[in-house]
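> Starting from these lines, generate the structure:
(one chain, ligands or ions: 2)
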Amino acid sequence: MIEFKAVSRCFPAKEEPFLALDNVSFAVDRGEFVCLLGHSGCGKTTLLHLLAGFITPSAGEVLVEGKPVRKPDPSRSVVFQEYALFPWMSAIQNAAFGLRSLGLDKAERRARALAALDMVGLAKESRRYPHELSGGQRQRVAVARSLVMRPAILLMDEPFAAVDALTRGELQGDLLRLWKETGVTILFVTHNIDEAIFLAQRVAVMRRGAIAGERTRTAPYPRLRGSESFAAEYRAIEALLYGNTEELLEK
Ligand SMILES: Nc1ncnc2c1ncn2[C@@H]1O[C@H](COP(=O)(O)OP(=O)(O)OP(=O)(O)O)[C@@H](O)[C@H]1O
Ligand SMILES: [Mg+2]
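Ligands and ions are numbered 1, 2, ... in the order given. Below is the predicted model of the structure:
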């Protein structure tokens, strides 16, 4: 469904242009849940933004359903790291926001936004404003705002980084449920190895603008964090992340 074909992306810099993505080839199947994992600055957000259509490749092609991505589209919805809710809008108004661009009437927008809030367990809080919601609830509204567009692809950039560990666990469980219910394809960026193993069918580990390796995991959901296979997977991903022991010692 998604294909990166030898994609590079440069950003202008003072001396020479900075190569944020270097010849990346990478594909995602329909309905897959893939995590992109890597150190800060390795190019995860750049990859996601290319797929969203916010930026274009310097070389290579990004294809969705065989067609090059040229601009943003409601079928590819992004959940950002920051909650990015409008503080002057209630939960339902925030959730309904993107629907204006689809030309739906008010009743339809309301019904769809309420259904999306219900999917994230916030139907009762629909009239609250962001300042009246907890951090976890705000992030649920952000997820609802994406779901309301009924996207084929959900792009999530560190969506749960700002919430506490317990809430994060709940949001992860909710996301897996939503993924099963909707069949949406998910590309999820994280710094957190544990989160990637808990969520993804496949983890792509990035290093310095490239995909260093991938791990496919068929373990059934819900996954047990204490299990031996979880720990083994953790070690395997760590090895990909650090590449070799020399680099481990440098850190
Ligand atoms: N608009 C830009 N102009 C110049 N350099 C940029 C721009 N956007 C990103 N970069 C650089 O490209 C590299 C990759 O950035 P990117 O945001 O993709 O990293 P990331 O893996 O998402 O990091 P983090 O985990 O910290 O969010 C970084 O070194 C960054 O400084
Ligand atoms: Mg980033």
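
> Quickly check: stretch 2-13 near ligand 1 or not.
Yes: with CB under 6 Å from any ligand atom as the measure, stretch 2-13 is seen reaching ligand 1 through Phe11. To be clear about C-beta, it is placed using only N, CA and C from the backbone, and glycine gets the same treatment.

> which residues sit against that stretch?
17-28, 43, 46-47, 50-51, 55, 57-64, 66, 153, 185, 187 (CB atoms under 8 Å, 6 or more residues apart in numbering).

> try it again with 7 Å
17-28, 46, 50-51, 55, 57-64, 153 (CB atoms under 7 Å, 6 or more residues apart in numbering).

> Buried residues in that stretch, which are they?
Under the neighbour-count criterion of 16 or more other CB atoms under 10 Å, stretch 2-13 has 2-5, 7, 9 buried.

> before we move on, the earlier item: so which of the contacts of stretch 2-13 sit within strands?
Judged by DSSP state E, strands contain the following of those: 18-28, 59-64, 153.

> Contact partners for Leu36?
Counted by CB under 7 Å, 6+ apart, Leu36 has contacts 44, 47, 187, 189, 204, 206.

> Those: which ones sit near ligand 1?
Answer for the contacts of Leu36 near ligand 1 (CB under 6 Å from any ligand atom): Lys44.

> how close does the closest residue in space to Trp88 that isn't next to it in sequence get to Phe188?
Spatial nearest neighbour of Trp88, excluding adjacent residues (CB to CB, 6 or more residues apart in numbering): Tyr129 at 7.6 Å. Distance of Tyr129 to Phe188, given as CB to CB, to the nearest Å: 28 Å.

> Please read off the pLDDT at Leu249 from the model.
For Leu249, the model assigns a pLDDT of 51.

> Okay, now the unreliable bits of the stretch 101-250 of the chain?
Counting by pLDDT under 70, the stretch 101-250 of the chain contains low-confidence residues at 244-250.

> change it to 90
The model of the stretch 101-250 of the chain has pLDDT under 90 over residues 101-104, 119-121, 135-136, 160-167, 170-171, 224, 226, 243-250.

> Could you tell me which residues of it lie near ligand 1?
His191.

> Residue of the stretch 101-250 of the chain closest to ligand 1, please.
Using CB to the nearest ligand atom, the single residue of the stretch 101-250 of the chain nearest to ligand 1 is His191, 5.9 Å away.

> about what we covered before: report the two of the contacts of Leu36 separated the most.
Maximum pairwise distance in the contacts of Leu36, criterion CB to CB, is 12.2 Å, between Leu187 and Met206.

> Perfect, that will be all.
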